[in-house]
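J.: When you get a sec, could you give me coordinates for this:
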Amino acid sequence: MNEENQCCDACGVGTGEAKGSSLDRMVRRFWYGLCRWCFLNIWCRHCYRHAMRLLHRLNLHYAPPSMMSPRYGQRDHWCQWCGLRGHTWTHDPNAPLSPND
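T.: Numbering: from 1, shown residues only. The predicted structure is shown next:
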């Protein structure tokens, strides 16, 4: 093998082809701005509260484990929306199966 076969070719680096045209960038910026506006002004202001009420009526809570909880053993959970607290137990897969081992 020679050096040409071993090296990769950087196609379009340093040219306008790789970066895209200015129209593409303007359309992309507009689209991301529109998505951000919809998320902040529609979902965050109006829909989130109703969605959380519905989920809590169905007894579904988003309660991730606390950052201070250990990886294995008893873990604390807290739903930050309604204040539900609870504990779960996670088994350590590397621990012996019986206490006599």
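
J.: Based on its surroundings, how many neighbours for residue 47?
T.: By other C-beta atoms under 10 Å, the residues close to residue 47 number 11. Any C-beta I mention is one placed from the backbone N, CA and C, and that applies to glycine too.

J.: typed the wrong thing, it's residue 79
T.: By the criterion of other C-beta under 10 Å, residue 79 has 17 neighbours.

J.: do residue 69 as well
T.: Using other C-beta under 10 Å, residue 69 has 16 neighbouring residues.

J.: same check, this time on residue 41
T.: 10.

J.: Low-confidence regions, the chain specifically.
T.: Residues of the chain meeting the criterion pLDDT under 70: 1-20, 99-101.

J.: Which helix or strand lies directly C-terminal to the lengthiest helix in it?
T.: Across the chain, the longest stretch assigned as helix under DSSP state H is helix 22-38. Per DSSP states H and E, the first helix or strand lying C-terminal to helix 22-38 is helix 48-57.

J.: my read: residue 76 touches residue 89, true?
T.: No. Taking contacts as C-beta atoms under 8 Å, residue 76 lies outside contact range of residue 89: 11.2 Å.

J.: These two: which has the busier surroundings?
T.: The residue with more neighbours, out of residue 76 and residue 89, is residue 76; 15 against 8, by other C-beta under 10 Å.
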